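Peer 1: My questions are about this predicted structure, shown below with the sequence.
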Amino acid sequence: METCNCSKEMARHRDLLNLGDDDMYDYDDNDYYEDDCYAVPVAKQGSNSVGGSAGKVGGGGEGKKRKKKKKKGSAVAQQQQQMESKKEETKKVDMSSGDGQQKKTTTSTGIVEEIREMKISSEKQNLSKEVKKQPNSVTDKVGKKTSAVLEEFAKQQIEKPELNLVVIGHVDSGKSTLMGHFLYKIGCVNKKQMRKYEHESRNIGKASFAYAWILDEQGEERERGITVDVAMKSFFTDNRKVTLLDAPGHKDFIANMIAGAAQADVAILVIDSAKGAFESGFDHGGQTREHVLLVKSLGISQLIVAVNKMDQCGWEFERFREILDKLEPFLHQTGYKDEDLHFIPISGLEGINLTERVSEVKWYKGPSLIECIDKIQPPVRPVEKPLRFCVCGVNQVGSGIHVAGKIETGYLQTGDKLLVLPSAQTAVIRNILTHEESVQRAMAGANVQVVVGKIELTDLSIGSVLCPVQYPVPVATRIVAKLMVMNTERAITRGYPVELYYQSVCEPATVSNLLTLVHKSSGEVIKERPKALAKNSSGVVEIEPMRPICVEKFEECNQLGRLALRSNGKTVAVGIILDVTVKGNV
C-alpha cells in the first residue's frame, strides 16, 4: 500500500472544506491513506449515514456515530453564523465610512479568507482527535513490524552482510583439504584439535587428509577419503558473515552437491592443476563441467576459481595460463561474465595464498582467497516479500524438532505461527539458531536452524516450505518450464522419465508434453508442438512430478523458480519455471 505525505493529505482535506451546509461525511473501509503510523479516513459526499471502518475504529455504536455527526454539523453551523455576523459588521463599517465599493469588497474578501483559515484549523483538530482515538490496526502493526525489520536488515548490510559460499569441483581436487586448512589459519580450529586430527589420520595411513578431517567428520568420509555429505561451517571476515558449504565432488553424490549449491550465493570452483588432473576432471567425463552448469542454473552468478595444488607444478605461470585458456571460454559460454569471475592460484596443503598474499610468486599480484571472499557482493535479499523458508534437514532432538534450511525471502522470528507445505499443517517457531547463536529474528539469505513446536515430525520433510498462513507457497502438480538441453545423447521426448531437482529435493517426474521449440538466445518460438528436444536446444515443456511439490514462478520468486533434470546419472537439462498448476486446480 502506498503512503501519502503530509502535504498531499493537507491538500486533500482543504478540498473537503468546500462541502455545503447539508453535506454529510461518510467513511468507507476501502478509502484511506496510510500515513506512517495511522490510517486517515477519507470523507465522501452525499451520504446519510456514517459506517465502515470509522464506526469500528471509534469503538461505539450508532448512537456515538450520530453524536459525532451532530457535533460536526453544529460546528459548521456556528462557523457559518460567525461568518455572517462578521459580514454584517463589515457592511455597516463600510456604509458608515463611505469609502466606496472597492474598500467593501477588499474587507469582505479578507474576512472570508480569515474564516476559511479558521475552518481549516478546526478541521485539522477534528481529524487529529479522531486519529488519536483509533487503536493500532492490523495494517499498522504489519507496517511497523516490516519497517523495523528493514531497518535492522539495512544495519546488517552495512556492518557485516550474510554470504553463503559453496565449494565445488571434481573429486580429489583438494576441496576439503583447502577449506580445512583455510579454517585452521583463520582460527576456527585450535592447535590442540588440529594435532588430534593429524595423529588420528596418521594412524590409518592418511596423514595428508588431516586438514580435510576438519570438514569430513563422518567415518565413511574419513575411511574412503572423499566427501559424501555437505559439511557446513561458519566464519567471519572483516566485512562478511560467511556460511561455508563443502559439497561432494564424486558423481555418486551429485544429489548432495545440488542440495548444497541450492543454499549458496557464491561458489568456489576448485581446480586440480597437477599434470593430467585438470584434463581428467574437465575433458574426460569429469564433474567440473557439470558442477559449473548446475550452480549457474541454481542462480549462483559469482564464481571464485581456485587453481589448487600449484606447488605440484612448481608454480609455473604457463600451467596456470594453460588452465585458464581452456576454462574461461567454457565459463563465458555458461553465462558468466568477466566481472563475475575471480582466478586465484593457491596451494591448499601448503596453505599458500589462503589468508596472506603469496610472496614467492612474482607473476601473481592479486588478492589472497580471504581477500577475494571479503570483497564478494552478496545478492539482493528480498526481505520485503512473504517468507519462504526451504527445509533441507529435519531432526528430532529430545522433545523438540530441529529444522535446518535457508530463508529465501522474507523473515521469521520466534513466536511466529507458520504454514508448512505440502503437508498443510501449522507450526510455531520456538527458537532460531544462526552461526551457532540464538537470535530472535532471521532474514532472507540466512542459513538457520529453527526449533518448531505444535507439529508432528512426520509433517516435516526435506523439501517442505514454511510460509505465512495468508501467503502460502504454490503446491504444484504440473509445471510449465523453459529448458536448456545439455549435451546429452538421447533427445527429450514426450513421456521422458527424469529426476527433478529443485532446492534440496530430488523428485521422480515425467516430461508430459512438449509445447514449443525456442531460440536459445532470443527466446523466439521456432516450432509449435515439436516431437523432440535434441541436445543443445531450448524449449518449453510440461513436467508432472510424481508428488505435489512447492515451487513458484521464476518471475515471482526466482529462488524457487529454478530446476534441473537428470537421467541415468547425467544432467540432461536445466531451466526456469514459467507457470504452475496448483494442487486442487487440476
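Peer 2: Received the coordinates, thanks. Numbering: from 1, shown residues only.

Peer 1: Against which helices or strands is the helix or strand residue 576 falls within packed?
Peer 2: Here residue 576 sits within strand 570-582, counting by DSSP states H and E. Contacting strand 570-582 under the criterion 3 or more C-beta pairs under 8 Å, 6 or more residues apart in numbering; DSSP states H and E are the following elements: helix 288-297, strand 475-485, strand 562-567. To be clear about C-beta, it is placed using only N, CA and C from the backbone, and glycine gets the same treatment.

Peer 1: C-terminal to the longest one, what's the next element?
Peer 2: Read that as strand 475-485. Assigned by DSSP H and E, the successor of strand 475-485 is strand 492-493.

Peer 1: Can you give the strand pairings for that following strand, parallel or anti for each?
Peer 2: Here strand 492-493 is paired, per DSSP bridges, with strand 532-533 (antiparallel).

Peer 1: Go ahead and name everything in contact with the strand it pairs with.
Peer 2: 483, 485, 491-493, 514, 517, 539, 541, 573 (C-beta atoms under 8 Å, 6 or more residues apart in numbering).

Peer 1: Just to check, residue 172 is in contact with residue 249?
Peer 2: Yes. Residue 172 is within contact range of residue 249, at 7.3 Å (criterion: C-beta atoms under 8 Å).

Peer 1: Now for the two: what residues contact both?
Peer 2: Common neighbours of residue 172 and residue 249, counting by C-beta under 8 Å, 6+ apart, are residue 226.

Peer 1: Distance check, the most centrally placed residue in the chain against residue 183.
Peer 2: The chain has residue 409 as the residue nearest its centroid, 3.3 Å off, counting by C-alpha atoms, centre = their mean. According to C-beta to C-beta, to the nearest Å, residue 409 and residue 183 sit 30 Å apart.

Peer 1: Now do the same contact list for residue 493.
Peer 2: Contacts of residue 493 (C-beta under 8 Å, 6+ apart): 511, 514, 531-533.

Peer 1: got a pLDDT number for it?
Peer 2: Per-residue pLDDT puts residue 493 at 94.

Peer 1: List the beta-bridge partners for it.
Peer 2: Counting by DSSP bridges, residue 493 is bridged to residue 532.

Peer 1: so residue 324 sits in a helix?
Peer 2: Yes. Counting by DSSP: H, G, I helix; E, B strand; the rest coil, residue 324 falls inside a helix.

Peer 1: Return the per-residue confidence for it.
Peer 2: So residue 324 comes in at 96 (pLDDT).

Peer 1: just to revisit the earlier point, surely the residue nearest to the centre of the chain is in contact with residue 380?
Peer 2: No. The pair residue 409 / residue 380 is not scored as a contact, 10.7 Å apart, by C-beta under 8 Å.

Peer 1: Tell me, how many residues neighbour residue 194?
Peer 2: Around residue 194 there are 18 other residues, counting by other C-beta atoms under 10 Å.

Peer 1: Which residues does whichever strand or helix holds it contact?
Peer 2: According to DSSP H and E, residue 194 maps onto helix 191-203. Applying C-beta under 8 Å, 6+ apart, the set of residues contacting helix 191-203 from outside is 184, 207-211, 213-214, 222.

Peer 1: Just put those in TSV and tack on neighbour count and secondary structure.
Peer 2: As requested, these are exported to TSV (neighbours: other C-beta atoms under 10 Å; DSSP: H, G, I helix; E, B strand; the rest coil):
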residue	neighbour count	secondary structure
184	21	helix
207	12	helix
208	13	helix
209	22	helix
210	22	coil
211	27	coil
213	22	helix
214	23	helix
222	18	helix
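
Peer 1: if we take the residues you listed, which one ends up nearest to residue 290?
Peer 2: Of all the contacts of helix 191-203, residue 209 has the smallest distance to residue 290: 24.8 Å, by C-beta to C-beta.

Peer 1: Could you pull up the contacting residues of the closest one?
Peer 2: 177, 201, 216, 222, 225.

Peer 1: between these, which is nearest residue 332?
Peer 2: Using C-beta to C-beta, residue 177 comes nearest to residue 332 of the contacts of residue 209, at 29.2 Å.

Peer 1: Taking their axis directions, the helix or strand that contains that closest one and helix 191-203 sit at what angle?
Peer 2: In the assignment (DSSP H and E), residue 177 maps to helix 175-185. Interaxial angle, helix 175-185 versus helix 191-203 (axes from the mean of the first three to the mean of the last three C-alpha atoms, to 10 degrees): 150 degrees.

Peer 1: Helix 175-185 packs against which elements?
Peer 2: When contacts are defined as 3+ C-beta pairs under 8 Å, 6+ apart, helix 175-185 packs onto strand 162-168, strand 231-236, strand 241-246, strand 266-272.
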